[in-house]
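# sequence first, then the predicted structure, then my questions.
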Amino acid sequence: MAQYSAQLDGVFIALADPTRRAVVRRLGHGPTSVGDLAREFPMTLPSFMKHVRTLESNGLIRTVKSGRVRTCELNRERLALLDDWLAEQRRVWSERTDRLEQFVTDAKENPR
């Protein structure tokens, strides 16, 4: 459970930055080179590479170097970690709102 929590924390930290979220969004359309990705952002390549390393170290993307070109690819399996967490949160909050609805309905039907 602690490892799951640490992995989830890392994913949320990586996605906390708008540049990294934009990279994930772009890679959702398919793999692309770091150079092509970097051109979309107003920053130097070394600064952009920090974002790439953060995404890679938290398992959201994979990079492969072929010759002089480094290509990035989205790791969709890692995003499943978020899906699982969000599904659990939806279940918890749905149960809570159902209980609240029942409480309000009971209170209206049986005033004290």
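All right, it came through fine. Numbering: from 1, shown residues only.
# so where does T63 fall, helix or strand?
Using DSSP states H and E, T63 falls within strand 61-66.
# who touches the next helix-or-strand element following that strand?
Per DSSP H and E, the first helix or strand lying C-terminal to strand 61-66 is strand 69-74. Strand 69-74 is contacted from outside by 23-24, 27-28, 31-35, 37, 52, 55, 60-65, using Cβ atoms under 8 Å, 6 or more residues apart in numbering. No exception for glycine: its C-beta is placed from N, CA and C like everyone else's.
# any of these buried? List them.
Neighbour counting over the contacts of strand 69-74 (16 or more other Cβ atoms under 10 Å) leaves V23, V24, L27, V34, L37, V52, L55, L60, I61, T63 as the buried ones.
# who's in contact with A38?
L45, F48.
# so what secondary structure elements neighbour the lowest-mean-pLDDT helix or strand in the chain?
In the chain, no helix or strand scores lower on mean pLDDT, DSSP states H and E than helix 76-109, which sits at a mean of 81. Applying 3 or more Cβ pairs under 8 Å, 6 or more residues apart in numbering; DSSP states H and E, one finds that helix 76-109 makes contact with helix 2-15.
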